[in-house]
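below is the sequence, then the predicted model.
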Amino acid sequence: MARILVVDDEEHIRRVLNVLLSKQGYAVGLAAGGQEALDHLTRHVYDAVLCDLRMPDLDGLEVLRRIKRHDPEVPVIIITAYASVDTALAAMKQGAYDYISKPFKEDEILHVLAKALERTRILEENRRLRREIEERFDFSHIVGAAPAMKSIFDTIRKVADTRSTVLIQGESGTGKELVAKAIHYNSPRKHKPLVTVNCAAVPTHLIESEFFGYVRGAFTGADRTKKGLFEEAEGSTIFLDEISDLPPELQAKLLRVLQEGEIRRLGDTASRTVDVRVLAATNRDLEAAVEQGKFREDLYYRLNVIPLNIPPLRERPEDVPLLARHFLVKMAERHGRQVKRLSPEAERVLINQPWPGNVRQLENVIEQAVVMAEGETIGSRNLPTALSREAGGLVVRVPEDRLDLKGLVREATALAERQIIARALEKENGNRTRTAQVLGISRRCLITKIGLYGLADDRPA
Ligand SMILES: Nc1ncnc2c1ncn2[C@@H]1O[C@H](COP(=O)(O)OP(=O)(O)OP(=O)(O)O)[C@@H](O)[C@H]1O
Ligand SMILES: [Mg+2]
């Protein structure tokens with residue numbers, strides 16, 4: 001319910017407006033003079049102010065000026081019986097939203113008020129969206145603790161505010177688009193939208209006109225001149241996704257853009273300069289494509305100024321629990337569920353998956369599990385049955401940067417032990433005596449290990 005402050009020294013007008021606005025469902029505040037209005041505004045939040053111009057204590061323009069100093073965004077509508085072009089202009093210059101002359105029509109008041117409130121709503125909506133975008137591409141939303149991911153974050157930070165071309169390579173679902181957005185939205189170009197083009201999705205014969213635009217008459221059906229995506233991205237960044245699918249003729253044209261910073265619309269005789277930063281991504285091995293003669297070598301080198309290779313999820317198992325928890329929080333909020341954690345057994349199953357669909361697949365699995373979960377904990381039985389449980393059993397995934405044998409074996413043993421105990425505990429519903437029997441160890445030994453591996457708190461009730 002919107003709150004409206006009515007300021008007028010005439011009691012009769014205040015009463016009329018109060019009745020009119022209350023009937024519409026507005027919450028109305030009433031002030032008999034300028035000073036009283038300002039007092040109201042320091043004590044309450046109002047969404048709009050209707051203010052008389054001539055009042056004995058402070059005149060409307062002065063009230064308007066002070067309101068604007070206090071809160072520049074609240075719309076103030078001036079009402080006056082002494083309408084003149086001069087005062088109207090003065091009021092608008094001081095930041096009044098609109099100007100209504102007495103005697104007013106009720107419809108007019110309501111109409112202007114509704115427009116003013118709508119504008120506030122749009123301003124707030126825009127602010128919210130902008131904040132959301134900034135938060136979304138803030139680094140804290142890209143999860144990763146694996147050394148390879150940390151070095152990717154470092155690189156993003158270093159290259160974001162340059163205009164270097166970046167080539168992002170990684171399997172499907174590893175987060176290439178997320179990284180491209182992080183680069184753009186952390187760059188000085190962030191105030192303009194990132195222009196994303198999926199090269200695989202545009203039909204070959206349309207790519208050139210999509211990229212570079214065309215002039216009227218360039219081909220049958222070109223009945224008007226149209227800007228291409230490179231011109232749309234002027235002053236911003238273009239993200240060329242699935243770059244390996246770019247057909248050879250277009251590879252040559254893209255090379256020219258990168259070398260000369262110029263584009264030519266289809267059917268045009270003149271070139272025009274564009275200031276566009278290029279980010280490219282592919283889930284195929286572009287170097288191999290070059291060797292096979294499918295991708296121009298010179299273009300490859302032009303694109304690969306800064307290479308960013310995102311490793312597949314199976315090569316960074318330490319990121320799986322982090323990502324899983326990140327998605328758990330996100331999905332619990334999205335679906336309004338009270339899910340709080342993963343059971344150690346469920347975590348084990350996740351860590352041991354090969355994840356051919358990488359992070360996207362993990363995200364989908366967690367979303368399903370959150371929806372299916374009954375209590376606060378996601379157990380392995382809430383995970384999709386398609387996930388291999390036993391096959392993945394006790395595989396130890398070796399992080400890419402590990403070579404020390406003894407340390408690794410020690411950790412693997414501990415990991416195996418933790419997993420077996422967690423699984424047995426879950427199967428026995430947390431009953432320690434039975435779990436110890438199943439494992440063939442003493443109850444005391446079990447309790448020590450539960451403490452050692454931090455399994456106590458996750459024990460299902
Ligand atoms: N490190 C990460 N942290 C948080 N979310 C991630 C991470 N990596 C990927 N995601 C999420 O996983 C999903 C897939 O990521 P994205 O679309 O960026 O992958 P992609 O590499 O572009 O895949 P494709 O090759 O299929 O286009 C998105 O929802 C993204 O937000
Ligand atoms: Mg993608």
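That came through fine. If you're wondering where the values come from, they're calculated on a predicted model, not measured in any experiment. Ligands and ions are numbered 1, 2, ... in the order given.

which stretches of the protein aren't confidently modelled?
83, 132-140, 388-400, 457-461 (pLDDT under 70).

the longest helix in it is where?
Longest among the helix segments of the chain by residue count, using DSSP state H, is helix 106-136.

for the spatially closest residue to Pro193 that is not a sequence neighbour, which residues are in contact?
Of all residues not flanking Pro193 in the chain, Ser236 sits nearest, at 6.5 Å (C-beta to C-beta, 6 or more residues apart in numbering). Backbone N, C-alpha and C define where each C-beta goes, glycine included. By C-beta atoms under 8 Å, 6 or more residues apart in numbering, the residues touching Ser236 are 184, 189, 192-195, 276-277.

also Tyr99?
Contacts of Tyr99 by C-beta under 8 Å, 6+ apart are 77-78, 80, 83, 88, 91-92.

quick one: which of those is nearest ligand 1?
Ile77 (44.4 Å; C-beta to the nearest ligand atom).

in what helix or strand does that closest one lie?
strand 76-80 (DSSP states H and E).

what pairs with that strand, and is each one parallel or antiparallel?
strand 48-52 (parallel), strand 98-101 (parallel) (DSSP bridges).

put the alpha carbons of the next helix-or-strand element following the longest one into CSV.
Going back to what we said before, that points to strand 48-52. Downstream of strand 48-52, the first helix or strand assigned by DSSP H and E is helix 60-70. What follows is helix 60-70, C-alpha atoms only, in CSV (Å, rounded to 0.1, in the frame of the first residue of the first chain):
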residue,chain,number,x,y,z
GLY,A,60,5.3,25.1,-1.4
LEU,A,61,8.5,25.8,-3.4
GLU,A,62,10.6,26.0,-0.2
VAL,A,63,9.0,22.8,1.1
LEU,A,64,9.7,21.2,-2.3
ARG,A,65,13.4,22.3,-2.2
ARG,A,66,13.8,20.8,1.3
ILE,A,67,12.1,17.6,0.5
LYS,A,68,14.3,17.1,-2.5
ARG,A,69,17.4,17.7,-0.3
HIS,A,70,16.1,15.2,2.1
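
circling back to that earlier point, nearest to Ala146, of the strands paired with strand 76-80?
strand 48-52 (52.6 Å; C-beta to C-beta).

output the closest one as CSV, nothing but the C-alphas.
Taking Å, rounded to 0.1, in the frame of the first residue of the first chain, the C-alpha atoms of strand 48-52 are listed here in CSV:
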residue,chain,number,x,y,z
ALA,A,48,4.6,10.6,-2.9
VAL,A,49,3.7,14.1,-1.7
LEU,A,50,0.8,16.3,-2.8
CYS,A,51,1.7,19.8,-1.8
ASP,A,52,-0.2,23.1,-1.9
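
tell me the angle of it relative to helix 60-70?
160 degrees (axes from the mean of the first three to the mean of the last three C-alpha atoms, to 10 degrees).

hmm, who's touching strand 48-52?
So strand 48-52 is in contact with 2, 4-10, 13, 17, 37, 41, 60, 63-64, 67, 74-80, 97, 109, 113, 116-117, 120, going by C-beta under 8 Å, 6+ apart.

what is the stretch of helix or strand Leu41 belongs to packed up against?
According to DSSP H and E, Leu41 maps onto helix 34-43. Contacting helix 34-43 under the criterion 3 or more C-beta pairs under 8 Å, 6 or more residues apart in numbering; DSSP states H and E are the following elements: strand 3-7, strand 27-31, strand 48-52, helix 60-70.

of all those, which one is nearest Phe104?
strand 48-52 (9.7 Å).

just to revisit the earlier point, do you know how far the residue nearest to Pro193 is from Val329?
Look at Ser236 and Val329: by C-beta to C-beta, to the nearest Å, they are 32 Å apart.

with Ala346 instead?
15 Å.

look at the two and report which has more neighbours.
Applying other C-beta atoms under 10 Å to Ala346 and Val329 shows that Ala346 carries more neighbours, namely 25 against 13.

the more buried one contacts Pro384, doesn't it?
No. Judged on C-beta atoms under 8 Å, Ala346 makes no contact with Pro384 at a distance of 11.4 Å.

mind listing the shared neighbours of these two?
By C-beta under 8 Å, 6+ apart, the residues touching both Ala346 and Pro384 are Ala369.

how about the helices in the stretch 301-450 of the chain?
319-335, 344-351, 358-372, 405-427, 432-439, 443-452 (DSSP state H, counting those that start in this stretch).

buried deepest among those helices, which one?
helix 344-351 (a mean of 24; mean count of other C-beta atoms under 10 Å).

what does this protein put close to ligand 1?
For the chain, the contact set with ligand 1 under C-beta under 6 Å from any ligand atom comprises 142-144, 170, 172-178, 283, 323, 326, 359-360, 363.

which members of those residues are classed as buried?
142-144, 170, 173-178, 283, 323, 326, 359, 363 (16 or more other C-beta atoms under 10 Å).

following the record's annotation, map out the domains of the protein.
3-132, 139-311, 319-452 (automatic domain parsing).

in contact with Leu308, which residues?
Contacts of Leu308 (C-beta under 8 Å, 6+ apart): 152, 155-156, 166-169, 179.

actually Asp285, sorry about that
Gln169.

ok, Val257 touching Phe230?
Yes. Val257 is within contact range of Phe230, at 6.6 Å (criterion: C-beta under 8 Å).

from ligand 1, how far out is Arg189?
From Arg189 over to ligand 1 the distance is 19 Å, taken as C-beta to the nearest ligand atom, to the nearest Å.

thought that residue was touching Glu234?
No. The criterion here is C-beta under 8 Å, and Arg189 misses it with Glu234 at 10.3 Å.

looking at these two, which is more packed in?
Between Arg189 and Glu234, counted using other C-beta under 10 Å, Arg189 has the larger neighbour count: 21 against 15.

secondary structure element holding the more buried one?
Arg189 belongs to no helix or strand, assigned by DSSP H and E.
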